[in-house]
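S.K.: Prediction below, plus the sequence it came from.
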Amino acid sequence: MKFGDPSLFHFFWALIPFLFFLIWGNRRKYTLLVQFCGENLFPKLVGSSFKDQLKLRTIFLVSTFVFLLLALTRPQWGYQWEDINQEGVDIIVALDVSRSMLAEDIKPNRLERAKRKISDLLDMLRGDRVGLVAFAGTSFVQCPLTLDYSAARIFLNAIDTDLIPVQGTALGDALRKSVKAFRTEDNKSKAIILITDGEDQTGQALQAAKEAREVGVKVFTIGIGKEIGAPLPNPDKTGGFLKNEEGEVILTKLDETTLQKISLETGGSYVRSVTGDIDLKTIYLDQINQNLEKKKFKSERRKIWQERFQWFIFPALLFLLYEANLAERKRETNS
């Protein structure tokens, strides 16, 4: 059993003041009527069962509140498996997690800006499979190709610069790992979005781009950072910036030339990250979504839970009718 909107359970705390209010109101009403009628006339004018009716009405109102709130949380139990046939493009997002991505020339820093860009992309995807590759001095598949964008977002949020112990920026290894992450051998409908500051330290990026082109993969690159460079914060978090052996502050600069060559080699394109999501719109909506041939593929089976909220609405309405009936009987008795 699960709930579609479990956050509404917080409203059950409102049941406590609601219950106290009903009890206080009933006692107040009972006391005033006794004072008005007198203890001797009260049973004859109002009825000896008046106090019991107040208790029942309180129980019915509280029960109505509980069952309606349970219905709003959308209880679900029982499920069926459904195969989702989709048509789209396979997209691998390769994200640089080296320490140079901690530079703050792009606020709050390069890595956080890149993660926000990828989150924006997940919001735009419609039927495309997406996967994540994290890389620094080496690379690995953080999230395999999936149609479950919520799961991809969980893997994305877990990414930080401590994920890969081997430091550096191996663009060639990242491209090769991304190509291997595609499940099919057909040379179409495959794209890599490479998000990095472009400081390739292995010199294999262009060769890896040629290999990607040969298997039909287009590489689209997004540059994060500024060409003038920015200092790197100390990895030990003691403050200050990272320095070389000569005591000079190390600057990390955006290498747009390398990123442009990679995208040009594979028939993709390069954009620099700017405020907002215009760069992703340019790459995904105007190029990947429009120009790459879509293919049909079947996703993993999806578990579809059955909604059971109606089972709680019925008793809530029943309790409400009982409460209304007691109120009507009380008015008829008084008249």
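M.R.: Noted; the coordinates are in hand. Numbers count the residues shown, from 1 in each chain.
S.K.: Please name every helix or strand in contact with the helix or strand where residue 87 lies.
M.R.: Under the assignment given by DSSP states H and E, the secondary-structure element containing residue 87 is strand 85-88. Secondary structure elements in contact with strand 85-88, counted by 3 or more Cβ pairs under 8 Å, 6 or more residues apart in numbering; DSSP states H and E, are strand 295-298. (C-beta placed from N, C-alpha, C; glycine too.)
S.K.: Now for this protein, the helix or strand with the poorest mean pLDDT.
M.R.: Taking mean pLDDT, DSSP states H and E as the measure, helix 42-45 is the helix or strand of the chain with the lowest mean score, a mean of 61.
S.K.: Beyond that helix, next helix or strand please.
M.R.: helix 50-72.
S.K.: Just give the number of residues close to the spatially closest residue to residue 1 that is not a sequence neighbour.
M.R.: Excluding the flanking residues, the one nearest residue 1 by Cβ to Cβ, 6 or more residues apart in numbering is residue 77, at 4.2 Å. Around residue 77 there are 12 other residues, counting by other Cβ atoms under 10 Å.
S.K.: which residues sit in contact with residue 77?
M.R.: 1-2, 305-306, 308 (Cβ atoms under 8 Å, 6 or more residues apart in numbering).
S.K.: Can you select the buried ones from those in ChimeraX?
M.R.: In ChimeraX, this line selects whichever of these come out buried by 16 or more other Cβ atoms under 10 Å:
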select :305,308
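S.K.: if you look at the contacts of residue 77, which of them are in strands?
M.R.: Taking DSSP state E as the definition of strands, the contacts of residue 77 contribute 2, 305-306.
S.K.: what stretches of the stretch 201-335 of the chain score poorly on pLDDT?
M.R.: 201, 235-239, 242, 244-245, 247, 274-278, 297-300, 327-335 (pLDDT under 70).
S.K.: residue ranges for the strands of this structure, please.
M.R.: Assigned strands in the chain, in chain order: 2-3, 75-82, 85-88, 90-96, 129-135, 139-146, 190-196, 217-223, 230-231, 251-252, 270-272, 295-298, 302-307 (criterion: DSSP E).
S.K.: so can I have TSV of the contacts of residue 77 showing distance to residue 64?
M.R.: Written out in TSV, the entries for these read as follows (distance: Cβ to Cβ, whole Å):
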residue	distance to residue 64
1	22
2	24
305	26
306	24
308	18
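S.K.: so which of the contacts of residue 77 comes closest to residue 81?
M.R.: residue 305 (11.1 Å; Cβ to Cβ).
S.K.: so who does the closest one touch?
M.R.: When contacts are counted by Cβ under 8 Å, 6+ apart, residue 305 touches 2, 4, 76-79.
S.K.: Swap in 6 Å and give it another go.
M.R.: Residues counted as contacts of residue 305 (Cβ atoms under 6 Å, 6 or more residues apart in numbering) are 76, 79.
S.K.: how far away is it from residue 154?
M.R.: Residue 305 sits 19 Å away from residue 154, going by Cβ to Cβ, to the nearest Å.
S.K.: Also residue 133?
M.R.: The spacing between residue 133 and residue 154, counted by Cβ to Cβ, is 16 Å.
S.K.: Then residue 4?
M.R.: On the measure of Cβ to Cβ, residue 4 and residue 154 end up 18 Å apart.
S.K.: Once you drop chain neighbours, what's closest to residue 109?
M.R.: Leaving aside its sequence neighbours, residue 109 is closest to residue 102 (5.3 Å, by Cβ to Cβ, 6+ apart).
S.K.: Mind pulling the model confidence for that neighbour?
M.R.: At residue 102, the pLDDT value in this model is 86.
S.K.: so it sits right up against residue 233, yeah?
M.R.: Yes. Using Cβ atoms under 6 Å, residue 102 makes contact with residue 233 at a distance of 5.4 Å.
S.K.: and those two? which has more neighbours close in?
M.R.: Here residue 102 and residue 233 are set side by side on neighbour count (other Cβ under 10 Å), and the busier one is residue 102, at 21 against 17.
S.K.: rewinding a little: settle it for me: which of residue 4 and residue 154 has more neighbours?
M.R.: Each of residue 4 and residue 154 had its neighbours counted (other Cβ under 10 Å), and the higher figure belongs to residue 4 (14 against 11).
S.K.: What distance do you get for the nearest residue to that one once chain neighbours are set aside to residue 85?
M.R.: With sequence-adjacent residues excluded and distances taken as Cβ to Cβ, 6+ apart, residue 4 is closest to residue 74, at 3.1 Å. Residue 74 sits 26 Å away from residue 85, taking Cβ to Cβ as the criterion.
S.K.: More neighbours: those two, which one.
M.R.: Set side by side, residue 74 and residue 85 show more neighbours around residue 74, with 17 against 9, by other Cβ under 10 Å.
S.K.: State the distance from residue 286 to residue 121.
M.R.: Counting by Cβ to Cβ, the gap from residue 286 to residue 121 is 13 Å.
S.K.: Those two: who's more crowded?
M.R.: When residue 286 and residue 121 are compared for neighbours, residue 121 comes out ahead with 24 against 11, by other Cβ under 10 Å.
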